[in-house]
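Undergrad: Got a predicted model here, sequence first, then my questions.
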Amino acid sequence: MIAVEEAFTRLMRQVVPLDSEPCPLEKAGGRVLAADIAARKSQPAAALSAMDGYAVRATDLSGAETGSRTFTVIGESAAGSPFAGEVRTGQAVRIFTGALVPDGADQIVIQENAVRDGDAVRLTAGPAPLDNIRPAGGDFTSGDTVLHAGARVTPAMIGLAAACGHGELPVVRRARVALISTGDELVPPGQSIDSPAQIYDSAGPMVAALLGDAGADIVMQRHVGDDAAALERCLGEAGMQADVVLTIGGASVGDKDFVHPVLQRMGVALDVWKIAMRPGKPMMFGRRDGTVFVGLPGNPASAFVSALLFVRPLTATLMGQTATLPTGRPVPLGTDLPANGPRQHYMRARLVHDPLGGDGEHAVIPAETQDSSLLSVLADSDGLIVRPAMAPPVTRGCHVFFIAY
Ligand SMILES: Nc1nc2c(c(=O)[nH]1)N[C@H]1C(S)=C(S)[C@@H](COP(=O)(O)OP(=O)(O)OC[C@H]3O[C@@H](n4cnc5c(N)ncnc54)[C@H](O)[C@@H]3O)O[C@H]1N2
Ligand code: MOO
């Protein structure tokens, strides 16, 4: 068996980041920028008023008459409709928030400090705060690099890109994932079952949801029976359209476990593992013509944990994100646990309110049954307690690492 960390490193070594594509701004949230983004204009392009009031010359506000001078209002500057002329001494321009500060003016007196009478306005306060004017380039200047390649696009970054003049952003394209569930016993969800030997394909939609939620594009989802020729055809088709092809089931050593021989026959250079983890021991991985093939184990919790620990970081890395092996955060244990065996155990567990957590926070309790076929246990869990291989017994109150999902 190989250690989880070693398996993760070997898988990640194969990753070549995907190319980029243009993406409309409103759809770019969560995507990874493929290039630096420069401002196409300065913001503001010229000084703007930050307040509603009157634009005047600063020199007119200083001196003995401060607070009592009367100005002649010569026009108006509104956002989008600037005043064309120049403000001279003794003159004022009525101005609104977001409007260009007219030539000659360098102060904005807010209207609360003004008494208007026809074309005349008496300003009742002294020099106004400087931040009543937003200077040219105060936000960014044309040519500035405002966003950096590799960043995950946030709503605020979308706003900034829009303000800089961009209608779309170059982003790393989504990883295309094909998912093939294997096994004669499987029936697609929602269809009728007429034999106790049949079960629904639960792992397929579960893994598709896990990866789809993380931004991957599920381009194909199929079911193939225990038929090597059919599996080879399906894998070939999947390889033509996907960056990552996943199989679920048939990864082990039984007579009906065809994934390994078929991938080998197709020329996929395989690294086959017995990983020292529970669940998720059998997994294989290989690359052919730029497509990564991963064989996941069939037990639902095994497929889920393998996809969470390995495949989601794989697709994230392909999509330009920095992804590491999930290790979790320390959380107090709400119960005692015995010593662990030779496989790192990822125990399905629930967060419960417990004084141990401090301030009414949480402690973590593993499910009583950890069988990797149990979907009810998986769905009832909040995450995984990580118990390292050969870990000694731990008692209630000790901290264990917990991967939340
Ligand atoms: N002799 C050995 N037997 C097994 C070993 C081993 O090392 N030696 N490993 C065990 C472990 S651990 C696991 S995990 C399983 C993995 O087996 P496969 O990947 O070959 O999976 P299958 O045999 O096809 O299925 C296992 C189990 O899961 C059910 N299944 C399969 N696909 C789905 C699906 N899409 N949705 C829901 N359930 C699914 C299937 O019916 C089986 O019950 O091997 C052990 N055996
Ligand atoms: O390790 Mo298997 O993945 O126990 O069920």
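TA: Thanks, I have it. Ligands and ions are numbered 1, 2, ... in the order given.
Undergrad: where exactly do the helices run in the stretch 201-350 of the chain?
TA: Listed in chain order, the helices of the stretch 201-350 of the chain (DSSP state H, counting those that start in this stretch) span 203-213, 228-241, 259-265, 300-306, 312-318.
Undergrad: Could you list every helix and strand in contact with the third one?
TA: Looking back up the chat, that one is helix 259-265. Judged by 3 or more Cβ pairs under 8 Å, 6 or more residues apart in numbering; DSSP states H and E, helix 259-265 is in contact with helix 228-241, strand 269-274, strand 282-288, strand 291-296. For every residue, glycine as well, the C-beta is placed using N, CA and C.
Undergrad: can you tell which of these is closest to ligand 1?
TA: Among those, strand 282-288 comes nearest to ligand 1, with 5.2 Å by Cβ to the nearest ligand atom.
Undergrad: So what are the sheet partners of that closest one and their directions?
TA: In the sheet, strand 282-288 lines up against strand 269-274 (antiparallel), strand 291-296 (antiparallel) (DSSP bridges).
Undergrad: Give me the buried positions along it.
TA: In terms of neighbour count (16 or more other Cβ atoms under 10 Å), strand 282-288 has its buried residues at 282, 283, 284, 285, 286, 288.
Undergrad: what does the stretch 151-300 of the chain have sitting close to ligand 2?
TA: 278, 279, 280, 281, 297, 299 (Cβ under 6 Å from any ligand atom).
Undergrad: could these be laid out in JSON lines, adding neighbour count?
TA: Putting those into JSON lines (neighbours: other Cβ atoms under 10 Å) gives the following:
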{"residue": "278", "neighbour count": "21"}
{"residue": "279", "neighbour count": "24"}
{"residue": "280", "neighbour count": "27"}
{"residue": "281", "neighbour count": "19"}
{"residue": "297", "neighbour count": "26"}
{"residue": "299", "neighbour count": "23"}
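Undergrad: Looking at those, which one is closest to residue 90?
TA: Nearest to residue 90 among those: residue 280, at 81.4 Å, using Cβ to Cβ.
Undergrad: How much space separates the nearest residue to the closest one once chain neighbours are set aside from residue 128?
TA: Once flanking residues are discounted, residue 280 sits nearest to residue 306: 4.1 Å by Cβ to Cβ, 6 or more residues apart in numbering. Applying Cβ to Cβ, to the nearest Å, the value for residue 306 to residue 128 is 64 Å.
Undergrad: Can you tell me which of the helices of the stretch 201-350 of the chain is most buried?
TA: Ranked by mean neighbour count under mean count of other Cβ atoms under 10 Å, these are led by helix 300-306, which reaches a mean of 26.
Undergrad: Which strands or helices does that helix pack on?
TA: Using 3+ Cβ pairs under 8 Å, 6+ apart, the elements in contact with helix 300-306 are helix 203-213, strand 291-296, helix 375-379.
Undergrad: possible to save the ones you listed as CSV with mean pLDDT?
TA: What follows is the helices and strands packed on helix 300-306, written out as CSV (pLDDT from 0 to 100):
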stretch, mean pLDDT
helix 203-213, 97
strand 291-296, 96
helix 375-379, 98
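Undergrad: closest one to ligand 1 among these?
TA: helix 203-213 (3.6 Å).
Undergrad: so that closest one versus strand 291-296, what angle?
TA: Orientation check (axes from the mean of the first three to the mean of the last three Cα atoms, to 10 degrees): helix 203-213 against strand 291-296 gives 130 degrees.
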